[in-house]
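S.K.: Kindly generate the corresponding structure for this input.
(chains A and B)
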There are 2 protein chains.
Amino acid sequence: MACGNAQWPATLAHTMLEPRRIKHCRRCGAVADYRVPADDNRERAVCTACGEIHYENPLNVVGTVPVWGEQVLLCRRNIEPRFGFWTLPAGFMELGETVAHGALRETEEEAGAKIELQGLFTLLNVVRVGQVHFFYRARMLDTSLNPGPETIEARLFHEHEIPWDQIAFRTVKLTLKHFFACQRSGDYSFHCGDID
Amino acid sequence: MACGNAQWPATLAHTMLEPRRIKHCRRCGAVADYRVPADDNRERAVCTACGEIHYENPLNVVGTVPVWGEQVLLCRRNIEPRFGFWTLPAGFMELGETVAHGALRETEEEAGAKIELQGLFTLLNVVRVGQVHFFYRARMLDTSLNPGPETIEARLFHEHEIPWDQIAFRTVKLTLKHFFACQRSGDYSFHCGDID
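M.R.: Next comes the predicted model:
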C-alpha cells in the first residue's frame, strides 16, 4: 500500500485524520458517539448500545533506501496520492510483521528488488496525518527489478539525477537528503525527526 | 493507557490480535465480511452494503527509561493486565502526537515525573500482539513523583534492586537489561529487536 504525508484523496480515507469518522460500532453496528469514557482523558467513539470503545491510533509506514553503489532506487507511483511522482518503496506496516519485515515486503512488492536490510535509518513523525514513517538502509543484491502494479517504473538514481521537485512525500525527500549527506560523510547515523 | 506483550484480558480487546473482530461497518453499521479486496493481497473487513474497507494495523506503545543517577524509575501497575507488576512508564501512542511526545506524556501520566528526553533507546516488535514498543532514555530533573490512577506506586531502583520476576512485560525487561549493560559500557546505543 501507499505511504504519504500530504493531503489524501477520499479514496484513501483510512490514511487521513478524518475527524469523528467512526459512525457505527464495529461489534454490534449500533450508532457510536464521541465522548470521553470513564478512566480516560480523550474523546473516543463509544457504542451507544453495547459500550464498545473504539480507539484510533497512529499508523506506521515502513520502507527502505535501496542502494546500489552510489545510486538509490526510486519508484514512480502508479497510484494516488501523488500519481506519477517518485518515492522510496514504502507502505503501511501490516499485522503479523515487524517494522523490518514490512520494509522488506514493500520493497519486494513495489520494486521487485532483491535487498539485504541494513540499519534503521530514519524515523519521521507526520503528526498531521497520524503516521510514523520508518526507512531502513538496504543493500541491493543485484540490479534486477520487477515493479508491481503500484509502480509505473523503478530505476536507480545518482544524487545529481534525483528529481527533487517530483518527489512524492516530504519524508522521502528528507530521508534522501539525509542519505546523501551521510554518503558524503561516511557516517550513516540514525535520524529521528518531525514533519510539520 | 497500558502497554504489554502478554495475553490480554477481554476488557483490553483493542490491544489483542483478536481474529476477525470487525463485525460491522464503521461508516454505515451494516455487516462486514472478511475478504481480499480488489487490488489488495490481504483479507480485510469489507462492508457488505457500502463497500468500506476497514484496515487493521499494528499499534505503537511509547515510553521512557527515566534515570536519576544510577537509578531507574519503575511504576507498579494499578490496572490489568499485570496488575501489581512493575513496568517502565509507557502506553499507546495517540493521534496528534509524535513518538517522543507520547513517551513524555505517558511518563507524566503514570509517574508524574519531570524528565528531559534523551535518545530513542529501544524499538521492539511484538508481532504476536501487533505492537511496536519504543523506549526513550530520559533524565529525571528531580525526584518528585506524582503517580496517576494507573500506578500503585512509583520508585527508583538500583540495578541490584530490580524485581526481575515481577516485571510486567518482556519489552520492559529487555529494555532494562539493555540499559544496565549500556550503563556499564558507557555506550547507550540504539537497539532494535523482536519479541517472539
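
S.K.: Where do the helices of chain A begin and end?
M.R.: Under the criterion DSSP state H, chain A contains helices at A:99-111, A:170-185.

S.K.: Could you measure from the most far-flung residue of chain A relative to its centre over to residue A:189?
M.R.: Here chain A reaches farthest from its C-alpha mean at residue A:49, the gap being 35.7 Å by Cα atoms, centre = their mean. Using Cβ to Cβ, to the nearest Å, residue A:49 is found at 52 Å from residue A:189. All C-beta spots, glycine's among them, are computed from the backbone N, C-alpha and C.

S.K.: does the residue farthest from the centre of chain A really touch residue A:28, like I thought?
M.R.: Yes. Assessed by Cβ atoms under 8 Å, residue A:49 is found in contact with residue A:28 at 5.5 Å.

S.K.: What sits closest to residue A:36 if chain neighbours are left out?
M.R.: Excluding the flanking residues, the one nearest residue A:36 by Cβ to Cβ, 6 or more residues apart in numbering or on different chains is residue A:43, at 5.5 Å.

S.K.: correction: residue A:28
M.R.: Per Cβ to Cβ, 6+ apart, closest to residue A:28 is residue A:50, 4.7 Å.

S.K.: separation between that neighbour and residue A:32?
M.R.: Distance from residue A:50 to residue A:32, by Cβ to Cβ: 10 Å.

S.K.: Ok, residue A:164 next?
M.R.: Taken as Cβ to Cβ, the span from residue A:164 to residue A:32 is 44 Å.

S.K.: which of these two has more neighbours?
M.R.: For residue A:164 versus residue A:32, neighbours defined as other Cβ atoms under 10 Å in any protein chain shown are more numerous around residue A:32 (25 against 9).

S.K.: Could you pull up the residues touching the residue lying closest to the more buried one once chain neighbours are set aside?
M.R.: Once flanking residues are discounted, residue A:32 sits nearest to residue A:45: 4.2 Å by Cβ to Cβ, 6+ apart. Neighbouring residues of residue A:45 by Cβ atoms under 8 Å, 6 or more residues apart in numbering or on different chains: A:20, A:22, A:32, A:33, A:34, A:53, A:54, A:56, B:26.

S.K.: How about residue A:134?
M.R.: A:60, A:61, A:62, A:63, A:99, A:103, A:120, A:122, A:123, A:124.

S.K.: May I have the beta-bridge partners of it?
M.R.: For residue A:134, the beta-bridge partners are residue A:62, residue A:123 (DSSP bridges).

S.K.: Local confidence estimate at it?
M.R.: As predicted, residue A:134 sits at a pLDDT of 98.

S.K.: The one 3 residues further on too?
M.R.: Model confidence at residue A:137, expressed as pLDDT, equals 98.

S.K.: For it, the count of nearby residues, please.
M.R.: 22.

S.K.: ok, now which ones touch it?
M.R.: Per Cβ under 8 Å, 6+ apart, neighbours of residue A:137: A:64, A:65, A:67, A:117, A:118, A:119, A:121, A:179, A:188.

S.K.: so the fifth one touches residue A:140, yeah?
M.R.: Which is residue A:118. No. At 11.1 Å, residue A:118 does not count as touching residue A:140 under the criterion of Cβ under 8 Å.

S.K.: So which of those two has more stuff around it?
M.R.: Higher neighbour count among residue A:118 and residue A:140: residue A:140, with 22 against 14, using other Cβ under 10 Å.

S.K.: Could I get the contacting residues of the more buried one?
M.R.: A:66, A:67, A:68, A:73, A:113, A:114, A:115.

S.K.: Would you mind measuring from the closest residue to residue A:144 other than its chain neighbours to chain B?
M.R.: Nearest residue to residue A:144, sequence neighbours excluded (Cβ to Cβ, 6+ apart): residue A:114, at 6.7 Å. Per Cβ to the nearest Cβ, to the nearest Å, residue A:114 is found 19 Å from chain B.
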